[in-house]
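J.: mind folding the following:
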Amino acid sequence: MQRFFIMMLCLFFCHSTFAQADSNACLNYKKGYFSYTDSLGNTVLVHRRNKYQYDKNTVTKVRTQFRLNWTGSCSYQITQAITNSKAARNIKTAVP
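T.: A predicted model of the protein is given here:
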């Protein structure tokens, strides 16, 4: 019985440690500089602050500012605020 109690206690502490590590890992993405490749193969540079994200497509030179609403430690809602692309100005949807 004592072994069972010790094993359950160890499992609880291991699970708590990993859960905290996962949520802390997301803090690295709330601020900083990132890049990704879009569906056309263009590189997009991203500068993210707590409430705003700035994207710049290196090929098309399109710049877009997004407003971020953090709904959790690892999730957010993104809404387009400003862009220099005439085609993208009409898009007014928020993506959860």
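
J.: next up, the contacts around residue 54.
T.: Going by C-beta atoms under 8 Å, 6 or more residues apart in numbering, residue 54 touches 46-48, 63-66. Placement of C-beta: from N, CA and C, glycine included.

J.: secondary structure class for it?
T.: Assigned state for residue 54: strand (three-state reduction, DSSP: H, G, I helix; E, B strand; the rest coil).

J.: and residue 39, by the same measure?
T.: coil.

J.: tell me how far it lies from residue 57.
T.: Residue 39 sits 12 Å away from residue 57, going by C-beta to C-beta, to the nearest Å.

J.: same check on residue 76?
T.: As for residue 76, its distance to residue 57 is 21 Å (criterion: C-beta to C-beta).

J.: compare the two (neighbour count), which wins?
T.: A count of neighbours by other C-beta atoms under 10 Å puts residue 76 above the other of residue 76 and residue 57, at 20 against 16.

J.: report the beta-bridge partners for that one.
T.: Using DSSP bridges, the beta-bridge partners of residue 76 come out as residue 70.

J.: for residue 52, same thing?
T.: residue 67.

J.: I'd say it and residue 64 touch.
T.: No. With contact defined as C-beta atoms under 8 Å, residue 52 does not reach residue 64; the gap is 10.8 Å.
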